[in-house]
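1. Predicted model and sequence below, questions to follow.
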Amino acid sequence: MLRSMNLRRLHHFDTLYRLGSYARAADELGLTQSALTRSIQKLEEELGAMLFDRTTHYVRPTSDADRLIRSARDVIAASANLEQEARGLAHPSGGVVHVGAGPYPLQPLLTDAIARFAGTHPGVRVTVTGGPSAQLLETLVDRRLDLVVCNRAKFAASGHADEVMSIPLPPEPLMLVCAPDHPLARGEGDSAAFPWALPRPAPGSNFPRAIRARLAAGQFPDYELDSTAACLDMARSGRAITVVPRALALRSGLHAIALPPSEVTRDAIHFLRNRSRSTLVAAFVDVLRAVSQAEAIDSNSAASADPAR
């Protein structure tokens with residue numbers, strides 16, 4: 001049975017499972033719906049299992065499909081890794097690394113790591129997908145990312161903790177950032193009295209009581225944006241204050257205010273536990289860890305040289 005199975009049909013299975021529509025799956029695959037239907041039927045014959053319940057209104061995965069999809073994706077991913085490794089033997093400058101990132105590790109950690117990696121691996125593509133940590137971990141489990149860098153507390157709270165392993169990165173202090181002419185820069189006022197801009201989703205923090213009340217009421221932050229860069233732009237305009245890792249705060253040219261020592265990043269690199277990593281992914285992880293260590297040292301040195309911050 002397995003001898004006659006091919007990757008093309010497994011890929012068709014994965015696409016239909018993910019999209020839940022023959023029309024959309026066929027469009028993405030560049031097939032006619034009838035060709036996709038025949039491919040799925042052939043795979044069902046090979047597996048001896050019904051994969052989808054079909055009516056004129058919907059297509060839904062069966063319980064057998066739910067059990068088999070992860071194994072199918074493992075085979076697809078292993079094949080892609082093998083193909084990438086083989087290409088690398090003939091063309092060492094080729095390949096791609098797919099990374100997921102929460103808002104805080106994206107800048108400057110990942111951008112600096114990519115710049116260094118590009119120097120040692122010219123021609124290798126790196127794609128970075130942002131978004132909420134839970135969504136990124138789901139995409140990692142679905143084999144569409146090679147690794148995810150995000151808050152490790154999100155990983156522990158996810159439903160995939162048994163499928164994912166993590167490598168903690170050095171914690172970095174968070175700092176409150178505002179425009180140089182902002183009242184807080186002059187030591188005037190309370191941070192709870194001003195508008196806040198934070199990346200989506202807003203990070204957990206030991207906020208002042210007034211802010212915790214607004215958070216509980218769904219009224220905080222005032223501006224929820226997609227990136228720390230956007231939050232810094234709001235702070236630069238004087239319309240809001242924000243919180244970013246110290247390395248980014250010190251590069252921003254804005255006024256940075258130290259927060260309590262408990263306010264630090266808690267990021268980690270997350271992988272699928274049972275998925276092999278290509279040499280390119282392993283090399284990128286080595287660079288990422290080295291950059292993280294170096295930036296933690298540089299950030300601490302800068303803070304020591306400017307204790308007022």
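-> Okay, I see it.

2. contacts and neighbour counts: CA atoms only from here.
-> Will do.

3. After the helix or strand of the chain with the lowest mean pLDDT, which helix or strand is next?
-> Every helix and strand of the chain was ranked by mean pLDDT, DSSP states H and E. The lowest is helix 152-157, at a mean of 74. Following helix 152-157 in sequence order, the next helix or strand is strand 164-168 (DSSP states H and E).

4. Compute the number of surrounding residues for the nearest residue in space to P173 that is not next to it in sequence.
-> Among residues not flanking P173 along the chain, V264 sits closest, at 4.2 Å (C-alpha to C-alpha, 6 or more residues apart in numbering). By other C-alpha atoms under 10 Å, the residues close to V264 number 18.

5. For V264, grab phi and psi.
-> Here is the backbone geometry of V264 (degrees, to the nearest 10): phi -140, psi 160.

6. measure it to G123 for me?
-> According to C-alpha to C-alpha, to the nearest Å, V264 stands 35 Å off from G123.

7. Name the SS class of A49, please.
-> coil (DSSP: H, G, I helix; E, B strand; the rest coil).

8. Can I take it that A256 is in a strand?
-> Yes: A256: assigned to a strand according to three-state DSSP.

9. Could you find the closest non-adjacent residue to it?
-> Closest to A256 by C-alpha to C-alpha, 6+ apart is V177, at 4.6 Å.

10. What segments of the stretch 201-309 of the chain are strands?
-> 223-225, 242-245, 255-258, 267-272 (DSSP state E, counting those that start in this stretch).

11. Those into CSV, with extra columns for mean neighbour count, mean pLDDT and distance to R8?
-> What follows is those, written out as CSV (neighbours: other C-alpha atoms under 10 Å; pLDDT from 0 to 100; distance: least, C-alpha to C-alpha, whole Å):
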stretch, mean neighbour count, mean pLDDT, distance to R8
strand 223-225, 18, 93, 40
strand 242-245, 26, 94, 44
strand 255-258, 20, 96, 54
strand 267-272, 23, 93, 23
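
12. Any idea which of those strands gets closest to S292?
-> strand 267-272 (10.3 Å; C-alpha to C-alpha).

13. Who does the closest one pair with, and is each partner parallel or antiparallel?
-> Its sheet considered, strand 267-272 pairs with strand 147-151 (antiparallel), strand 164-168 (antiparallel) by DSSP bridges.

14. Please tell me how far the host helix or strand of A35 is from the chain's geometric centre.
-> Under the criterion of DSSP H and E, A35 resides in helix 33-47. Computed by C-alpha atoms, centre = their mean, to the nearest Å, the chain-centroid distance of helix 33-47 equals 34 Å.

15. Equivalent analysis for stretch 278-292, please.
-> 16 Å.

16. which ones are touching G131?
-> G100, A101, G102, P103, R200, D226 (C-alpha atoms under 8 Å, 6 or more residues apart in numbering).

17. So it versus D226, what's the distance?
-> 8 Å.

18. what do these two both touch?
-> Both G131 and D226 are in contact with P103, R200, where contact means C-alpha under 8 Å, 6+ apart.

19. which residues of the stretch 51-200 of the chain score low on pLDDT?
-> For the stretch 51-200 of the chain, the stretches with pLDDT under 70 are 84-94, 155-158.

20. Could you do the stretch 201-309 of the chain as well?
-> Short version for the stretch 201-309 of the chain, where the test is pLDDT under 70: 201-206, 299-309.

21. And the helices in it, which stretches?
-> In the stretch 201-309 of the chain, the helices defined using DSSP state H, counting those that start in this stretch lie at 209-216, 228-237, 246-251, 279-305.

22. With mean neighbour count and distance to A113 added, can I get these in a markdown table?
-> Shown next, in a markdown table, are the helices of the stretch 201-309 of the chain (neighbours: other C-alpha atoms under 10 Å; distance: least, C-alpha to C-alpha, whole Å):
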| stretch | mean neighbour count | distance to A113 |
| --- | --- | --- |
| helix 209-216 | 13 | 34 |
| helix 228-237 | 21 | 17 |
| helix 246-251 | 20 | 14 |
| helix 279-305 | 17 | 5 |
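
23. quick one, which of those is nearest to P168?
-> Once the helices of the stretch 201-309 of the chain are compared by C-alpha to C-alpha, helix 279-305 is nearest, at 9.3 Å.

24. could you give the angle of that closest one to strand 267-272?
-> Note on geometry: by axes from the mean of the first three to the mean of the last three C-alpha atoms, to 10 degrees, helix 279-305 and strand 267-272 are set 170 degrees apart in direction.
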